[in-house]
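Trainee: A predicted structure for the sequence below; I have some questions about it.
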Amino acid sequence: MEFYEHFTISAIAAIPAIYLIYGFISPVFFVPLWIAAIGFGTLIDLDHFVIAFIRDKNFKELKLALKNPKTVLKNNNQALDNLIPNWSRYVSHFIILAIIPAFLSAFNQDLSLLAFSMLGLHILCDIYRNSRNLIEKRYRVQS
Ligand SMILES: [Zn+2]
């Protein structure tokens, strides 16, 4: 799924998630939590660069992204997703889903729950998008 899609979905889903976890809180607390929630929901995809580094043993993908960030932000699917198999992205996403909330729970359980819900939503969106792409590909091949 593309960065902008994850960003939009996270920005929308974070609002009820924060209210469910924290109740009605003042905007002074809400806004930083909202920004953090969007960060959890979108920045998890930075693991693509780690996977690319482990695979290639160089920073080629990261250098390409830094040279032309718009391309990566606009079309993360084509820039990286085609190069990295789905299973390795899911494995790294699930590792992040396990580690970050567990780490945060030592300090703040509400923030840990928010991180878990936003990271989980990101993974669900990735699964949805990849299965939809697979179905579309199969349908195109058959017709
Ligand atoms: Zn992802």
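Mentor: Received it, and whenever you're ready, just let me know what you need.

Trainee: where's residue 41 relative to the ion, distance?
Mentor: 10 Å (Cβ to the ion, to the nearest Å). Just so you know, the C-beta spots here come from the backbone N, C-alpha and C atoms, and that holds for glycine as well.

Trainee: what's the single longest helix in this protein?
Mentor: What stands out as the longest helix in the chain, according to DSSP state H, is helix 109-142.

Trainee: and this protein, which of its residues are near the ion?
Mentor: When proximity is defined as Cβ under 5 Å from the ion, the chain approaches the ion at 45, 126.

Trainee: now with 6 Å?
Mentor: Residues of the chain lying near the ion by Cβ under 6 Å from the ion: 44, 45, 93, 122, 126.

Trainee: please work out the average pLDDT along whatever helix or strand residue 94 lives in.
Mentor: Taking DSSP states H and E as the criterion, residue 94 maps to helix 86-105. Averaged over helix 86-105, pLDDT sits at 92.

Trainee: what of stretch 121-128?
Mentor: Throughout stretch 121-128, pLDDT has a mean value of 94.
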